[in-house]
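Novice: Sequence plus predicted model, see below.
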Amino acid sequence: MADDGYGVSYMVPDDHRIFFHISSKISSKQSNSDRFVKLLFESMAEIKELFEAAKAVKSKESSPHS
């Protein structure tokens, strides 16, 4: 990990969860693990919304009443 960067690892234990480990050096004023995690969660929520919207469209297209 660079002095002003992040360390990120993840694990996908099943179809419904992803675990992340985020680290950064406290000595760097350019990195902030709490901010990184907040932005990561926001990004993951946006990705979930995209998949749910795509699933709804696909479901509607395959419905016999459409």
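Specialist: Now that the structure is in, tell me what you want to look at.

Novice: From here on, just use CA atoms for contacts and neighbour counts.
Specialist: OK.

Novice: Tell me the gap between the host helix or strand of Ser59 and the middle of its chain.
Specialist: Element membership of Ser59 [criterion: DSSP states H and E] is helix 33-62. For helix 33-62, the distance between its averaged C-alpha position and the chain's averaged C-alpha position is 8 Å (Cα atoms, centre = their mean, to the nearest Å).

Novice: Flag every buried residue along that helix.
Specialist: Of the residues in helix 33-62, those scored as buried under the neighbour-count criterion (16 or more other Cα atoms under 10 Å) are 33, 36.

Novice: With stretch 15-27 instead?
Specialist: Judged by neighbour count using 16+ other Cα under 10 Å, the buried positions of stretch 15-27 are 23-25.

Novice: While we're on the residue nearest the centre of the chain, how confident is the model there?
Specialist: To find the centre residue of the chain, average its C-alpha atoms and take the closest one (Cα atoms, centre = their mean): that gives Met44, at 3.0 Å. The per-residue pLDDT reported for Met44 equals 95.

Novice: Likewise for Lys55?
Specialist: In the prediction, the pLDDT value recorded for Lys55 is 90.
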